[in-house]
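A.B. asks: Sharing a model that was predicted from the sequence below.
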Amino acid sequence: MAIPAQRDVEQSTKQLAAWLATKVGADVTLGEFAGPGATGFSNETIIVDATYNGTKDTLVVRVAPTGYTLFPDAAFQAQHDILVALGTKTAVPVPTVRWFETDPSVLGAPFFVMGFVDGVIPPDNPPYTLDGWLKEASPEIQEKVWWGAVDTIAEVASLDHATLDLPPLLGGLQAQLDYYEAFMQSVEQTEELVVARRAFAWLQTHLPEDDGTVFCWGDSRIGNVMFSPEGERLAVVDWEMACLGSPSQDLAWAWFLDRHHSEGMGVGRLPGFPSKEATIARFEARSGRSAKAFDYYEVFAGFRFCVIMGRLAVIFKDWGLLEPDGDMAQENAVTRVTTAILDEKGAA
C-alpha cells in the first residue's frame, strides 16, 4: 500500500547536509534517502549515507510526525530520552543517539540522528510468516530470534526504572485503559469498533490483581529487534509505546503480534518458534518476574491493536488509499485474532 509522498527530498537533503556540517565540522555530502520499508508506520525514518572528511557515515534520522499521527500523543522527545537512558545506563542494546534537533526549520519537525546498525529485522509487510529471510531461515535460527526478543522483554522488565531518569510515561493499568478508551472514542467518530468495544468490556470486568510495575518497552516484538542473519540480537528499536505497566504486558503483546502474523494470516507459526508455555517460563526465569496476568494482557493487546487499526483506517481513507465505505477498521487480522481470544475466554 503506497503512502503519499510528504517531503521535498531535494530540499531536505540540502538542509540536512548543511545542519550535519555544523555537527561534524566539515562539508557533508548526502546520498539518496532510504527507509526501513518493511516495518514501522507512525514515525518517518530516513536512512542516509553522509560523506565527510573522506569517510562515509551511515545515519538514521527519526523525524517527529506532522499532520497525521498514529497515536493521540506522539511523545517524540520521550522516545529520544528513552534511547539515551537505555544506551547510557543499561545493557539493553539500542542504536547510539548522536544528535537531537528541536528546530523544525531543518526537516519540518524535530528529529534525532542515530548511528546505523547493519542488521535484519523480521518484516511486517509481508509478514515474516509468509516471506522473507526469517521464514527461509533454519528452525534453529528462528528459535534464536524468538528467544532474542523474549530475553529483551525480560531484560527490560528486570530494570529498576526509578534509576533510569526516564521521561514522564503513562503509568499503570487504569491510566492505560483511560488513554486507550479515549483513543477508541476518537476513532469511533468515523469508524465503528465492535471488536475493540467487546474487548474493552471484558477488560473492565476482569481486572487482574496488582502484580507490580515495571518499565515496559511497549511495542515489544521480534519486528522491533535487529538481528544478524545468524539470529544474533544486535539492537532494539521503537520505544514509541513505552510505559509503566504489568510484567505480563510486554510478553503478551509479543505473543499477540505473533498470533497476528500467523493465525491472523491463515498460516502456522514458524517451526522454530517455542510454545507459549516455554515462552512464559523463559521470561519468568530470565526476568525474575511473574507473568501470571498474561491472559488478561493478551486481551489488552488485542484491544489496543484493534484501536490502532481503526486509526490506520481513518488515515488511509483520508489519504484516499481506501474507499470511504471500506471496512478495514472492522475486518482485519487484528480483529479476527482478538475475536478468537475473546471466544477462548468465554467473553460475551
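C.D. replies: Yep, it's here.

A.B. asks: Next, the buried residues of the helix or strand harbouring residue 338.
C.D. replies: Here residue 338 sits within helix 333-344, counting by DSSP states H and E. Within helix 333-344, the residues that qualify as buried by neighbour count (16 or more other Cβ atoms under 10 Å) are 333, 334, 335, 336, 337, 338, 339, 341, 342. (Each C-beta comes from the backbone N, C-alpha and C, glycine too.)

A.B. asks: and what of stretch 93-102?
C.D. replies: The neighbour-count check on stretch 93-102 (16+ other Cβ under 10 Å) flags 93, 94, 95, 97, 98, 99, 101 as buried.

A.B. asks: So what touches it?
C.D. replies: In this structure, residues lying in contact with stretch 93-102 by Cβ atoms under 8 Å, 6 or more residues apart in numbering are 19, 23, 59-60, 77, 80, 83-84, 86-87, 107, 110-117, 233-237.

A.B. asks: Which stretches in the stretch 201-348 of the chain count as strands?
C.D. replies: Ranges of strands within the stretch 201-348 of the chain are 214-216, 225-227, 233-236, 243-245, based on DSSP state E, counting those that start in this stretch.

A.B. asks: So which elements touch the last one?
C.D. replies: For strand 243-245, the helices and strands in contact under the criterion 3 or more Cβ pairs under 8 Å, 6 or more residues apart in numbering; DSSP states H and E are helix 173-187, strand 214-216.

A.B. asks: Domain map for this protein?
C.D. replies: 9-115, 133-344 (automatic domain parsing).

A.B. asks: which among the contacts of stretch 93-102 end up buried?
C.D. replies: The neighbour count (16+ other Cβ under 10 Å) marks 19, 59-60, 80, 83-84, 86, 107, 110-114, 117, 233-237 as buried among the contacts of stretch 93-102.

A.B. asks: related to what we said a few turns ago, out of the buried residues of stretch 93-102, flag the one nearest to residue 139.
C.D. replies: Each of those was checked against residue 139 using Cβ to Cβ; the closest is residue 93, at 24.3 Å.

A.B. asks: Please report how far that closest one lies from residue 225.
C.D. replies: 9 Å (Cβ to Cβ, to the nearest Å).

A.B. asks: any shared contact partners between these two?
C.D. replies: The contact sets of residue 93 and residue 225 overlap at 233, 234, 235, 236 (Cβ under 8 Å, 6+ apart).
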